[in-house]
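J.: Curious how this folds, go ahead:
(4 chains)
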Amino acid sequence: MLNFVDSVGEAVAGIEDGSTVMIGGFGNAGQPFELIDALMDCGATDLTVVNNNAGQGDQGLALLIKEGRVKKMICSFPRQSDSWHFDEKYKAGEIELELVPQGNLAERIRAAGAGIGGFFTPTGYGTMLAEGKETRIIDGRGQVFETPIHADVALIKALKADGKGNLVYRKTARNFGPIMAAAAKHTVVQVSEIVAAGGLDPENIVTPGIYVNSIVKVA
Amino acid sequence: MLNFVDSVGEAVAGIEDGSTVMIGGFGNAGQPFELIDALMDCGATDLTVVNNNAGQGDQGLALLIKEGRVKKMICSFPRQSDSWHFDEKYKAGEIELELVPQGNLAERIRAAGAGIGGFFTPTGYGTMLAEGKETRIIDGRGQVFETPIHADVALIKALKADGKGNLVYRKTARNFGPIMAAAAKHTVVQVSEIVAAGGLDPENIVTPGIYVNSIVKVA
Amino acid sequence: MSPQTTSQDLQTSDKPLGRDDLARMVAKDIAAGSFVNLGIGQPTLVSNYLLPEQNITLHTENGMLGMGPEAVGDEIDGDLINAGKIPVTELPGASYFHHADSFAIMRGGHLDICVLGAFQVSATGDLANWHTGAPDAIPAVGGAMDLATGAKDVFVMMTLLTRDGASKIVEACTYPLTGIGCVTRVYTDKAVFLTGPDGVSVRETFGCTLEELQDLVPVPLKAGPAVGL
Amino acid sequence: MSPQTTSQDLQTSDKPLGRDDLARMVAKDIAAGSFVNLGIGQPTLVSNYLLPEQNITLHTENGMLGMGPEAVGDEIDGDLINAGKIPVTELPGASYFHHADSFAIMRGGHLDICVLGAFQVSATGDLANWHTGAPDAIPAVGGAMDLATGAKDVFVMMTLLTRDGASKIVEACTYPLTGIGCVTRVYTDKAVFLTGPDGVSVRETFGCTLEELQDLVPVPLKAGPAVGL
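T.: Sure thing, here's the model as predicted:
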């Protein structure tokens, strides 16, 4: 059921301790900073967070990690020049890391949304990121069995929503938004603009409203 | 390598006997009639054709089947009120049929384009369409292992192409075009209009030009 | 039968329901805001009885959400058809997508309800609706297995009895299966049944008592929860 | 060494190549009309030497084809970045897509070439470029494994020797692998190597003869096909 809510606080209310939370964005592009700030304020802790990175600088996901609210990161690229909060927690053994090749991360999130029970991919075959995983040779290529990544909640950022919850994005800020929206039980979206149903061209919808639960406009 | 060609004949030249050919369309919507007519004229035979249906009436794919050029159909819904050419060939034992649930057909085509070696899906589990296939229980649900469907050639219909081969479609005629374009080694597209690179909004491209090899404008 | 429900309480109509009355009942039972796929044939009738205030979004598996009524006259557009290949219309807030994305909606469990026709439904909700199994039949499955397996709730609409008077609710399907344990409700001319792992219960009957219904159906029937569920 | 090629023939420069000269060479070797992904670091330099008439389309794995040069001044837009999170520009005919679609392009074998940096490349084309394996290192892989496994051709750009003078072309990688048997060419300051199941051949050398090169590299080197391949 779709709800338009008035504040980011209302949008993230109900996220429980121990939840798996997907957070959109690649670096800062598409990162829903306001929703993350609201998640910080709402107090939920012991979170498993799925994001390509593990936070940059002193804002957004990085702060959530700094404050010890993240039990585990599932990501492809935690180490960056400004990922100091993650680095510190990781070196102190205070955060768990599941490192996933970026394409496997994307495909596993997509699989969750699409009802796929698991898939074989050549990516990672023969590497330490496939250790302990089932493998088989298909058409002469070694392949690794990867499983879907589901989430309780997705927090994403889009450009516009219409009255039916359909979304469009902006440039490379699109990144993980569409697949996370489909993979989470409950999807919360921050947008810059809300238009009436019919205000977006049906040919250009990127995320159909069926994947969206809460929408909040952020100035 | 992308080519803009002047005729549908040129567009399908080089399709060899014994090829696997994906043909876009769901019923008549999105069916590339002119390319199919050209395929008829070019003489290629012994084809395996992938399409949701097995031809309607006395045109397009139905005629290709009537003329005995199709050795095997891979489809989800061959039986229709006006699929008389397929019906006759099938009852005479003159055409092979691989019947695939429609979602498995779409996902297997998508898997080919996305480099997935195979996947598990609940669709078809416990039914005769899963007989002989590998199964496993994942998260308490029976699932069937399905493999990608690759093709030598895809023949599809889009609304417009730009100078880089990017495509947009029209309404439900979009159907199988985008996934077939990605699954075939060589993708041939008929369009109603060709515009310069930059003439389509980058946010609204449905099929990026990387998946397209030959484009022909059909009046 | 639960203590608070009598067979008489279950009878909500003094005669069997016609197809339109049944479609109206299904439409009324769909929760506001639901995303729904209506199968080809009898289930399509349901769309005639959905009310604007229900804010139901219809999905068609050939690549659209926000499908409107059948197109008439100048509205007819060969590029805008439903899964039955009938020209339809587009409502404000519609969206188009390709086939893999469309079936991801179905297979990923995002549709609240699909309504399908059936040859047979078993006591535990197995569905048979795609193939008679006759040796000379040309099989065709379309999206039936994806819908049966993927939707959160699978409603079936059918007559209770075949033309030969055999019950279509059966102990175990004799026709080839579409999906296992997937059907949650069966709307028929004579009763509404709830199916699941614990067997079949009857929500309400039309023109017959539970006892009379039991005489027609070869699986044990329980009186179901109070009408309205 | 094949009869028609002498060690001297292979030497196409009398001194080692700098990073820009190497980038220019890689750019020249990319066939017209190719779709290419340039990895972070040294490979990014290649974009400076691609000619408009080559009609190369650059892919960035965060969701774009048709990426233009780095953005400057007013062009800078936080929503338009490359895989290295650097603001970039958009060329006419660009397209945007989500991450799963972007990686489907890579993983489905649709990119003609990706150019990557490396710690080590083995004689048979195994690649190690994502992790030093040091116990205190924070591992980060990004799209390296997808690119290594998915692109039709994987070119590596690197210095031949480590700061300690060890060859980065090795019999078997000691660093954790990125992909197996995936590298087809290695561009270094001292030579261009072709790698594959049959071992390593040398296309050309810079500032050294094949014999001098062999002294530096602990795997058997063959004179490769004539320059230009």
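
J.: what residues are up against A:Val50?
T.: The neighbours of A:Val50, taking CB atoms under 8 Å, 6 or more residues apart in numbering or on different chains as the test, are A:20-23, A:74-75, A:105, A:109, A:149, A:151, A:180. Any C-beta I mention is one placed from the backbone N, CA and C, and that applies to glycine too.

J.: Mind putting the residues you listed into CSV with secondary structure, neighbour count and pLDDT?
T.: Listed next are these as CSV, based on DSSP: H, G, I helix; E, B strand; the rest coil; neighbours: other CB atoms under 10 Å in any protein chain shown; pLDDT from 0 to 100:
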residue, secondary structure, neighbour count, pLDDT
A:Thr20, strand, 19, 98
A:Val21, strand, 28, 98
A:Met22, strand, 27, 98
A:Ile23, strand, 29, 98
A:Ile74, strand, 22, 98
A:Cys75, strand, 25, 98
A:Leu105, helix, 30, 98
A:Ile109, helix, 30, 98
A:Ile149, coil, 26, 98
A:Ala151, strand, 24, 98
A:Met180, helix, 32, 98
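
J.: Would you agree C:Ala94 falls within a helix?
T.: No: counting by DSSP: H, G, I helix; E, B strand; the rest coil, C:Ala94 is not found in a helix; it is strand.

J.: Just the pLDDT at the closest residue to it other than its chain neighbours, thanks.
T.: What sits nearest to C:Ala94 in space, not counting adjacent residues and going by CB to CB, 6 or more residues apart in numbering or on different chains, is C:Gly66, at 3.0 Å. We have a pLDDT of 98 for C:Gly66.

J.: cool, and the one 3 residues further on?
T.: According to the per-residue confidence, C:Pro69 scores 95 in pLDDT.

J.: Helix, strand, or coil at it?
T.: Per three-state DSSP, the local secondary structure of C:Pro69 is strand.

J.: That one is in contact with C:Ile86, isn't it?
T.: No: judged on CB atoms under 8 Å, C:Pro69 makes no contact with C:Ile86 at a distance of 10.4 Å.

J.: which ones are touching residue 95?
T.: Unless you meant another one, I'm taking chain A. Applying CB under 8 Å, 6+ apart, the residues contacting A:Ile95 are A:65, A:70-73, A:86, A:89.

J.: that answer is for a different chain, and I need it for chain C
T.: A:166, A:202, A:205, A:208-209, C:64-66.

J.: Tell me the bridge partners for it.
T.: C:Leu65 (DSSP bridges).

J.: Work out for me the element C:Pro135 sits within.
T.: Following DSSP states H and E, there is no helix or strand that holds C:Pro135.

J.: could you measure it against C:Lys168, distance?
T.: Using CB to CB, to the nearest Å, one obtains 22 Å as the distance from C:Pro135 to C:Lys168.

J.: Settle it for me: which of the two has more neighbours?
T.: Neighbours were counted for C:Pro135 and for C:Lys168 using other CB atoms under 10 Å in any protein chain shown; C:Lys168 has more, 20 against 5.

J.: filter the contacts of A:Val50 down to the ones close to chain D.
T.: A:105, A:109 (CB under 8 Å from any CB of the partner chain).

J.: Put together a markdown table for the contacts of C:Ser95, with neighbour count and distance to D:Gly93 on each row.
T.: What follows is the contacts of C:Ser95, written out as a markdown table (neighbours: other CB atoms under 10 Å in any protein chain shown; distance: CB to CB, whole Å):
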| residue | neighbour count | distance to D:Gly93 |
| --- | --- | --- |
| A:Asn166 | 30 | 26 |
| A:Pro202 | 21 | 24 |
| A:Ile205 | 23 | 22 |
| A:Pro208 | 30 | 27 |
| A:Gly209 | 24 | 30 |
| C:Met64 | 28 | 28 |
| C:Leu65 | 27 | 29 |
| C:Gly66 | 26 | 30 |
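
J.: what does chain A put close to chain C?
T.: A:1-2, A:110, A:112-116, A:162-164, A:166, A:182, A:196-198, A:200, A:202-203, A:205, A:208-211.

J.: Wait, a helix at A:Ile179?
T.: Yes: when three-state DSSP is applied, A:Ile179 is found to be in a helix.

J.: Neighbours of it, how many?
T.: 31.

J.: where along chain A do the strands fall?
T.: Assigned by DSSP state E, chain A shows strands spanning A:3-5, A:20-23, A:47-50, A:70-75, A:96-99, A:118-121, A:135-138, A:141-146, A:151-157, A:160-161, A:167-168, A:184-191, A:193-194, A:214-217.

J.: Could you pull out the helices in chain C for me?
T.: C:7-10, C:19-29, C:99-107, C:144-150, C:210-216 (DSSP state H).

J.: Check chain C for me, the residue farthest from its geometric middle.
T.: Residue farthest from the centre of chain C, counting by CA atoms, centre = their mean, is C:Asp74 at 31.2 Å.

J.: typo on my end, chain A
T.: What lies farthest from the middle of chain A is A:Gly140; by CA atoms, centre = their mean that is 33.6 Å.

J.: which residues does residue 98 contact?
T.: Looking at chain A here, since you left the chain open. Under the criterion of CB under 8 Å, 6+ apart, the contact list for A:Glu98 reads A:72-75.

J.: You answered for a different chain; I wanted chain C.
T.: B:106, B:174-179, B:206, C:63.

J.: so can I have CSV of the residues you listed showing pLDDT?
T.: Shown next, in CSV, are the contacts of C:His98 (pLDDT from 0 to 100):
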residue, pLDDT
B:Ala106, 98
B:Arg174, 98
B:Asn175, 98
B:Phe176, 98
B:Gly177, 98
B:Pro178, 98
B:Ile179, 98
B:Val206, 98
C:Gly63, 98
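
J.: Return the closest of those residues with respect to D:Thr149.
T.: Nearest to D:Thr149 out of the contacts of C:His98 is B:Ile179 (CB to CB; 21.2 Å).

J.: list residues touching both of C:Pro69 and C:Ile86?
T.: Common neighbours of C:Pro69 and C:Ile86 (CB under 8 Å, 6+ apart) do not exist.

J.: Tell me how many other residues surround the residue of chain A found nearest chain D.
T.: Closest approach between chain A and chain D, counting by CB to the nearest CB: A:Gly103, at 3.4 Å. Neighbours of A:Gly103 under the rule other CB under 10 Å: 33.

J.: so who does it touch?
T.: A:121, A:123, D:61, D:103, D:106-107, D:143, D:145-146, D:150.

J.: What of A:Ile205?
T.: Contacts of A:Ile205 (CB under 8 Å, 6+ apart): A:166-168, C:95-97.

J.: what do you get for A:Ala13?
T.: Applying CB under 8 Å, 6+ apart to A:Ala13 gives the contacts A:Cys42.

J.: What distance do you get for it to A:Cys42?
T.: Taking CB to CB, one finds A:Ala13 at 6 Å from A:Cys42.

J.: repeat for A:Asp87
T.: Counting by CB to CB, the gap from A:Asp87 to A:Cys42 is 26 Å.

J.: among the contacts of C:His98, which are in reach of chain D?
T.: Of the contacts of C:His98, not one also sits near chain D (CB under 8 Å from any CB).

J.: Now, of these, which are buried?
T.: B:106, B:174-179, B:206, C:63 (16 or more other CB atoms under 10 Å in any protein chain shown).
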